[in-house]
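**Q** dropping the sequence and predicted coords here.
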Amino acid sequence: GENVEQHPSTLSVQEGDSAVIKCTYSDSASNYFPWYKQELGKRPQLIIDIRSNVGEKKDQRIAVTLNKTAKHFSLHITETQPEDSAVYFCAASSQTGANNLFFGTGTRLTVIP
Amino acid sequence: SQTIHQWPATLVQPVGSPLSLECTVEGTSNPNLYWYRQAAGRGLQLLFYSVGIGQISSEVPQNLSASRPQDRQFILSSKKLLLSDSGFYLCAWSDPSLAGETQYFGPGTRLLVL
């Protein structure tokens, strides 16, 4: 089955700096890669996703890149703000009948004011 | 628009007691449904998923079970809780008719087993 690895497990940045979180996956059939943000005590919420037919997608300060050959994808947050502090999860899906997502172990991002 | 509900929001139960957590989805038909558990400070562990009424797949062996008695209702149960069952239980849904596989999470149930 699919195995998703995520690094780093914790990340601290100064407000205004950029943050990058990286994930690798093992199943070359995976074709959908969402990113979730989970604030303390809350549910994970989708912030951006990318499909295997594109290499990059951007939404304001958030961007995701995908390298299918190397089987890795990354989340980039620019001009970080204190409200970006949360745990971020990457995931991969191989589009099975149940649309199962395989999650990374999470990155705790802290933005220091 | 679609909404997903879970209850109760929090629950404190003694070891050995039964458990029933409920999840319902509104605004969609025949969703795929999922139960996840998240231990404190940890990642998301898929427990069960369902592609239709009465169709349940289990991802990990445990003392929990799931049922889907109605199209948009998903129930997580246990006959006897263990201390290790403590955690944050999240229900999620996805639309199998779309090309995407996005899963949307409910608000969660925080369970503490004492």
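**A** Great, that's in hand.

**Q** which SSE is residue A:35 in?
**A** strand A:32-38 (DSSP states H and E).

**Q** strands of chain B, residue ranges please.
**A** Listed in chain order, the strands of chain B (DSSP state E) span B:3-7, B:10-13, B:19-26, B:32-38, B:45-52, B:55-58, B:64-70, B:73-78, B:87-94, B:104-105, B:109-113.

**Q** tell me where the model's unsure across chain B.
**A** Scanning chain B for pLDDT under 70 picks out B:61, B:99-100.

**Q** quick one: stretch B:38-54 to chain centroid distance?
**A** In terms of CA atoms, centre = their mean, to the nearest Å, the centre of stretch B:38-54 is found 6 Å from the chain centre.

**Q** is it anywhere near chain A?
**A** Yes - when contact is scored as CB under 8 Å from any CB of the partner chain, part of stretch B:38-54 falls within range of chain A: B:42, B:43, B:44, B:46, B:49, B:51. Quick note: C-beta positions are derived from backbone N, CA and C, even for glycine.

**Q** if we can go back for a sec, put together a markdown table for the strands of chain B, with mean neighbour count on each row.
**A** Converted to a markdown table, those look like this (neighbours: other CB atoms under 10 Å in any protein chain shown):
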| stretch | mean neighbour count |
| --- | --- |
| strand B:3-7 | 16 |
| strand B:10-13 | 13 |
| strand B:19-26 | 18 |
| strand B:32-38 | 24 |
| strand B:45-52 | 19 |
| strand B:55-58 | 14 |
| strand B:64-70 | 16 |
| strand B:73-78 | 19 |
| strand B:87-94 | 24 |
| strand B:104-105 | 20 |
| strand B:109-113 | 18 |
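
**Q** just put the ones you listed in JSON lines and tack on distance to residue A:75.
**A** Conversion of the strands of chain B to JSON lines gives the following (distance: least, CB to CB, whole Å):
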{"stretch": "strand B:3-7", "distance to residue A:75": "24"}
{"stretch": "strand B:10-13", "distance to residue A:75": "31"}
{"stretch": "strand B:19-26", "distance to residue A:75": "28"}
{"stretch": "strand B:32-38", "distance to residue A:75": "20"}
{"stretch": "strand B:45-52", "distance to residue A:75": "21"}
{"stretch": "strand B:55-58", "distance to residue A:75": "29"}
{"stretch": "strand B:64-70", "distance to residue A:75": "31"}
{"stretch": "strand B:73-78", "distance to residue A:75": "29"}
{"stretch": "strand B:87-94", "distance to residue A:75": "20"}
{"stretch": "strand B:104-105", "distance to residue A:75": "18"}
{"stretch": "strand B:109-113", "distance to residue A:75": "27"}
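
**Q** which one of those lies closest to residue A:26?
**A** Closest approach to residue A:26 among the strands of chain B (CB to CB): strand B:45-52, 16.5 Å.

**Q** direction included, what does that closest one pair against?
**A** strand B:32-38 (antiparallel), strand B:55-58 (antiparallel) (DSSP bridges).

**Q** make CSV out of those strands and add distance to residue A:54.
**A** As requested, the strands paired with strand B:45-52 are arranged in CSV below (distance: least, CB to CB, whole Å):
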stretch, distance to residue A:54
strand B:32-38, 24
strand B:55-58, 31
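
**Q** quick one: which of the ones you listed is nearest residue B:71?
**A** Comparing these against residue B:71 with CB to CB, the closest turns out to be strand B:32-38 (9.3 Å).

**Q** got the angle between that closest one and strand A:32-38?
**A** Calculated by axes from the mean of the first three to the mean of the last three CA atoms, to 10 degrees, strand B:32-38 forms an angle of 50 degrees with strand A:32-38.
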